[in-house]
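>>> Turn this into a structure:
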Amino acid sequence: METKSRYEVIADLEKQKRQLIQDKASLRDGLIMRERQIKELKRQLEDAQEALTQYKESIKDKKETADLLIKSVEDALKRFEIQKK
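A predicted model of the protein is given here:
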């Protein structure tokens with residue numbers, strides 16, 4: 001078994017104390033980081049909800065536009081059928 005001098009024991013304990021202080025400080029930093037992540041996720045969720053709302057509002061116009069385009073294509077097809085005969 002190795003014996004340590006009093007100074008080595010004190011140095012080891014000081015080193016251990018510094019490490020514990022750093023660990024304690026990093027806990028606070030970790031909390032702050034996680035809180036920021038949550039805020040960012042909330043912003044992203046709000047943006048996604050707003051985009052969904054806007055999409056829902058635009059569906060009626062998109063359906064009307066699609067109906068007009070379908071009718072236009074059908075009319076063009078009818079004109080080609082008439083010209084064939």
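
>>> Quick one: distance of stretch 26-38 to the chain centre.
17 Å (CA atoms, centre = their mean, to the nearest Å).

>>> From the rest of the structure, what touches that stretch?
Applying CB atoms under 8 Å, 6 or more residues apart in numbering, stretch 26-38 turns out to have no external contacts. C-betas here are computed from N, CA, C, even on glycine.

>>> buried set for that stretch?
Within stretch 26-38, no residue counts as buried by 16 or more other CB atoms under 10 Å.

>>> State the distance from residue 40 to residue 78.
Computed with CB to CB, to the nearest Å, the distance linking residue 40 and residue 78 is 55 Å.

>>> meant to ask about residue 18
Distance from residue 18 to residue 78, by CB to CB: 86 Å.

>>> Where does residue 2 sit: helix, strand or coil?
Assigned by DSSP: H, G, I helix; E, B strand; the rest coil, the conformation of residue 2 is coil.

>>> neighbours around it, how many?
Other residues near residue 2 number 4, with proximity taken as other CB atoms under 10 Å.

>>> can you check the one 10 residues further on too?
Residues near residue 12, counting by other CB under 10 Å, number 11.

>>> low-scoring pLDDT stretches of this structure, where are they?
1, 84-85 (pLDDT under 70).

>>> which residue ranges form the helices in it?
Using DSSP state H, the helices of the chain run over 6-84.

>>> and residue 24, how far is that from residue 12?
Distance, residue 24 to residue 12, using CB to CB: 19 Å.

>>> and what of residue 77?
As judged by CB to CB, residue 77 and residue 12 stand 89 Å apart.

>>> Residue 21 too?
Separation of residue 21 from residue 12 (CB to CB): 15 Å.

>>> and what of residue 78?
Remark: distance between residue 78 and residue 12 (CB to CB) = 93 Å.

>>> likewise residue 60?
74 Å.

>>> And for residue 65?
From residue 65 to residue 12 the distance is 76 Å (CB to CB).

>>> Lovely, talk soon.
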